[in-house]
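Test case, fold it:
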Amino acid sequence: MKAQLKAAKKVAALKKALKAAPPAKKAAIKAKLVKAQKVLAKATAVAKKVLAGGKKPLKARIAAIKAKIAAAAHPVRKAALKAQLKAAKKVAALKKALKAAPPAKKAAIKAKLVKANAALKKASVAVKKVSAKLSAKKALPPGVKPIKARIASIKAKIAAATNPKKKAALKAQLKAAKKVAALKKALKAAPPA
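Down below sits the predicted model:
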């Protein structure tokens with residue numbers, strides 16, 4: 001990360017120097033800038049690898065799963081997350097037991113830990129699959145916002161608009177969006193024909 005920051009600062013300094021430089025010196029600064037940009041790209045790639053490779057500590061993962069359970073609305077996702085939490089807690093308990101165990105018992109606990117880690121991996125994959133299925137069902141076409149977000153966006157535009165014609169057009173758009181939202185709500189509540 002420090003290398004990335006250093007490289008980014010060098011690129012910024014060279015860009016500034018390039019702007020202020022006389023035409024005679026621009027070619028030399030441009031050459032240095034190309035090199036500095038390559039160094040920055042390399043440092044960024046290394047930083048990304050480090051961040052991607054660093055798994056969350058188990059305590060943090062358990063806390064994150066608990067937060068996801070609290071936020072989950074769909075029962076299938078909730079069940080998958082609870083299974084993941086159970087598996088993560090088992091791994092945590094076995095790791096704790098392994099630290100405190102006498103040498104004679106360590107091999108048996110390690111074997112259990114391997115199984116528990118595999119179960120946690122399986123549960124994590126299950127959560128990902130469920131989440132992907134649910135988000136695919138909810139998915140909207142690219143660039144299309146959910147109706148609630150669209151209404152909030154239109155309201156913000158109305159508040160910021162100074163042109164009366166634009167304001168009137170946005171109000172008409174808001175009215176139409178609210179009608180769509182009301183019809184969607186009615187459709188959900190309506191009994192099947």
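
Helix or strand next in line after the helix or strand hosting residue 125, which one?
If you go by DSSP states H and E, residue 125 is part of helix 103-138. Next along the chain after helix 103-138, taking DSSP H and E as the criterion, comes helix 147-160.

what's the spacing between that next one and its chain's center?
24 Å (Cα atoms, centre = their mean, to the nearest Å).

Can you name the residues in contact with it?
145, 167, 170-171, 173-174, 177-178, 180-181, 184 (Cβ atoms under 8 Å, 6 or more residues apart in numbering). In this view, the C-beta of every residue, glycine as well, is placed from N, C-alpha and C.

What's the mean pLDDT across the helix holding residue 125?
For helix 103-138, the mean per-residue pLDDT is 88.

who does that helix touch, helix- and strand-wise?
helix 75-100 (3 or more Cβ pairs under 8 Å, 6 or more residues apart in numbering; DSSP states H and E).

For the worst-scoring helix or strand of the chain on mean pLDDT, buried residues please.
The weakest-scoring helix or strand in the chain, judged by mean pLDDT, DSSP states H and E, is helix 23-53 (a mean of 77). Neighbour-count burial for helix 23-53 flags 29, 33, 36-37, 39-40, 43 (criterion: 16 or more other Cβ atoms under 10 Å).

do stretch 70-78 as well
Going by 16+ other Cβ under 10 Å, stretch 70-78 has these buried residues: 72, 77-78.

roughly how far apart are the residue in the chain sticking out farthest from the centre and residue 174?
What lies farthest from the middle of the chain is residue 24; by Cα atoms, centre = their mean that is 46.8 Å. Counting by Cβ to Cβ, to the nearest Å, the gap from residue 24 to residue 174 is 59 Å.

what does residue 3 give?
50 Å.

Contacts only, for the nearest residue to residue 86 once chain neighbours are set aside.
With sequence-adjacent residues excluded and distances taken as Cβ to Cβ, 6 or more residues apart in numbering, residue 86 is closest to residue 123, at 7.7 Å. By Cβ under 8 Å, 6+ apart, the contact set of residue 123 is 80, 83-84, 86-88.
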